[in-house]
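A structural model of the following input is requested.
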Amino acid sequence: MPFSARRRIAALVSIPLAGALILSSCAGGGPQQAESGGEVVWAIEGANLSAGHMDPQTSQLDVSAMVQRAALDSLVFQEPDGSFTPWLAEDWEIEDDGASYVFTLRDDVTFHDGEPFDAAAVKANFDRIADPETASAQAASMLGGEFYAGTEVVDEHTVRVSFTQPYSPFLQAASTALLGFYSPAVLESSADQLKAGGPGITVGTGPFELTEYTPDQEIVYTRNEDYAWGPHDTDAAEFETLRVEILPEASVRVGVVESGEADLASQLPPNLAADLGAPLTVDSEEYPGLPYSLYLNEQYGVFADERVREAFSRAIDIDTAVEEIFFGQFPRAWSILGSTTPTYDASLEDTWSFDPAVADELLDEAGWTERDAEGYRVKDGQRLSARWIAWTPVPDDRAALANAIQSDLKAVGFELVREVLEPGAYNEQYGPKTFDLTDWGFSGVDPDLLRSHLHTDGFQNASQVSDPALDELLERGVATADADERAEIYGQVQQWNADHVAIVPLYSPSLITAVSEAVSGLAYDLYGRPLFYDVSVG
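Down below sits the predicted model:
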């Protein structure tokens, strides 16, 4: 297929799957026939990237880190077994029981604009993340949040990152694209444009340079010919161009990878992935972190009563819904940490199951004993009702899950009103917490991610939890590096939620990617995101 024809993929967003498959007639031999150097075409959902989410240092969307990993390197690399190996830092020492980290940097690294990567660049990036005016949330939290004391330039290639107390999750955080590095020249001249991203703006040290960007259509990354400092001393990529096609409709992503117009397609739903087979390879990588869950706002409305929260969780037939909607591809979640996350407490499995009779008893005890003409419970003239706000776009499978949950709750007399909102309208309610519940999953390898969701001051504390004893546990967890002690602490945190029901975990999603037989050497990070360092095509 001619080069120009491959660039037409982005125009397929609004056409049905059949339309995408028709284009296989123009695909010829597909990507494997690319000219010397080659091109890899990667189809992703890419929702909301254009809405100010091209900067992993400020965005909380997984997709931001997923695509910008191509341009942004990190201090260290996390191996599949969880250990850390050199990357931009060739060595490091942990001082003061984890209150400071001293990194010895490589001296041969340059940014795409020719600027040197050095200790001053590390300081500029980390201080930018920590600056309140940057309005970073997740990255700032991973950098230690209120514990971050600053970054000191020891010499040109030595840097010390300090915290006000021991901060054990830092190496894991330092391995992610969220704490990746931009050119200091960009931070000086164009920091306010990083959220929008683009050529000359998204400038890192990575194996690919962002050279073209058409919002909501495609991102083009071109090989960094000078690259020689990747994980395990990886050199420049074997292919020339990484073309990321933004295709929000899952059926279209499936269509282009089946027809050969894309080399791989990610963020596939289980129902479509289940029908894919040879010559495609389908890789399903379960996200570590907090499963897809419902967050019950205990400071607003009916969820102030713990009995109502527990009844809500016991009235939902999670097992059946997850099995039928996700075709057995995603496991039902039992805890606020997924089973692939360190310190996961397997003892919580099968401890709270679907039981509408228990839900009825709890709601009766809470005083919701009367019923109105539509069968919903009533107390003091008010219907038992909760309002669920959801962030658009909502995939079809999650919409089906929401419908199943609404149906289950109606059976016990509990009304659930769901509002799917555009980002602006969502934030208008999320900010002041004027909702009853909301939903998301949150990927992360270190269990400290629970601090942002359950600590009184957590930036993602949608449930508005405020429990001094829980705060103390979370603060202990962040300060100790002892594996056994951390497992005990986070086991208690998981048990606390099982008793308190601030968060109702539903299922542990996976990042599903379909890969053409033309692609070899593809690997995945611990979040299930594709890594292209050793990829060849054709």
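
ranges for the helices of the stretch 151-300 of the chain?
Ranges of helices in the stretch 151-300 of the chain, per DSSP state H, counting those that start in this stretch, are 170-174, 184-190, 250-259, 270-273.

okay if I get the ones you listed as TSV plus distance to Asp305, mean neighbour count and mean pLDDT?
The way it works is simple: take the backbone N, C-alpha and C, and place the C-beta from them, glycine included. Output for the helices of the stretch 151-300 of the chain, formatted as TSV (distance: least, C-beta to C-beta, whole Å; neighbours: other C-beta atoms under 10 Å; pLDDT from 0 to 100):
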stretch	distance to Asp305	mean neighbour count	mean pLDDT
helix 170-174	37	24	97
helix 184-190	49	16	97
helix 250-259	39	24	96
helix 270-273	35	18	91
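
Turn these into JSON lines, including distance to Gly528.
Conversion of those to JSON lines gives the following (distance: least, C-beta to C-beta, whole Å):
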{"stretch": "helix 170-174", "distance to Gly528": "16"}
{"stretch": "helix 184-190", "distance to Gly528": "29"}
{"stretch": "helix 250-259", "distance to Gly528": "16"}
{"stretch": "helix 270-273", "distance to Gly528": "13"}
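
so which of those helices gets nearest Gly145?
helix 170-174 (10.7 Å; C-beta to C-beta).

Please work out which residues outside that closest one touch it.
Applying C-beta atoms under 8 Å, 6 or more residues apart in numbering, the external contacts of helix 170-174 come out as 74-76, 78, 84, 92, 98, 101, 142-144, 161, 163, 179, 445-446.

Excluding chain neighbours, what is closest to Val417?
Spatial nearest neighbour of Val417, chain neighbours left out: Arg387 (5.0 Å); criterion: C-beta to C-beta, 6 or more residues apart in numbering.

Report the separation between that neighbour and Phe414.
12 Å (C-beta to C-beta, to the nearest Å).

now Gly204
Remark: distance between Gly204 and Phe414 (C-beta to C-beta) = 49 Å.

what do you get for Ile94?
Between Ile94 and Phe414 the computed distance is 50 Å (C-beta to C-beta).

between the two, who's got more neighbours?
Phe414 (24 against 15; other C-beta atoms under 10 Å).

correct me, but the more buried one touches Ala315?
Yes: applying C-beta atoms under 8 Å, one finds Phe414 in contact with Ala315, separated by 6.4 Å.

anything in contact with each of the two?
The contact sets of Phe414 and Ala315 overlap at Ala359 (C-beta under 8 Å, 6+ apart).

what bits of the stretch 201-350 of the chain have low per-residue confidence?
Low-confidence regions of the stretch 201-350 of the chain, defined here as pLDDT under 70, do not occur.

Swap in 90 and give it another go.
Residues of the stretch 201-350 of the chain meeting the criterion pLDDT under 90: 271, 274-275, 277, 327-329.

ok, now the stretch 401-538 of the chain?
Ranges of the stretch 401-538 of the chain meeting pLDDT under 90: 423, 538.

all strands in the stretch 51-200 of the chain, in order from the N-terminus.
In the stretch 51-200 of the chain, the segments counted as strands under DSSP state E, counting those that start in this stretch are 76-78, 84-86, 89-95, 100-105, 148-155, 158-163.

top helix in the chain by residue count?
Ranked by residue count, the top helix of the chain under DSSP state H comes out as helix 483-500.

what's the following helix or strand past that one packed up against?
Using DSSP states H and E, the helix or strand that follows helix 483-500 towards the C-terminus is strand 503-507. Secondary structure elements in contact with strand 503-507, counted by 3 or more C-beta pairs under 8 Å, 6 or more residues apart in numbering; DSSP states H and E, are strand 289-296, helix 318-325.

So what are the sheet partners of the first one and their directions?
In other words, strand 289-296. The strands beside strand 289-296 in its sheet (DSSP bridges) come out as strand 437-443 (antiparallel), strand 503-507 (antiparallel).

Helix or strand next in line after the last one, which one?
Per DSSP H and E, the first helix or strand lying C-terminal to strand 503-507 is strand 510-515.

Now do that following strand: distance to the chain's middle.
Here strand 510-515 is found 14 Å from its chain centre; the criterion is C-alpha atoms, centre = their mean, to the nearest Å.

who does the very next helix or strand once past that strand touch, helix- and strand-wise?
Tracing the chain past strand 510-515, the next element assigned as helix or strand by DSSP H and E is strand 519-520. Helices and strands touching strand 519-520, by 3+ C-beta pairs under 8 Å, 6+ apart, are strand 536-537.

in its sheet, what does the strand it packs on sit against?
Neighbouring strands of strand 536-537 in its sheet, by DSSP bridges, are strand 519-520 (antiparallel).

neighbours of Glu349, just the number please.
Using other C-beta under 10 Å, Glu349 has 14 other residues around it.

So which residue is dead centre in this structure?
With distances taken as C-alpha atoms, centre = their mean, the residue of the chain nearest its centroid is Asp62 (3.2 Å).

and that one, what does it touch?
Residues in contact with Asp62 (C-beta under 8 Å, 6+ apart) are Ser443, Tyr527, Arg529.
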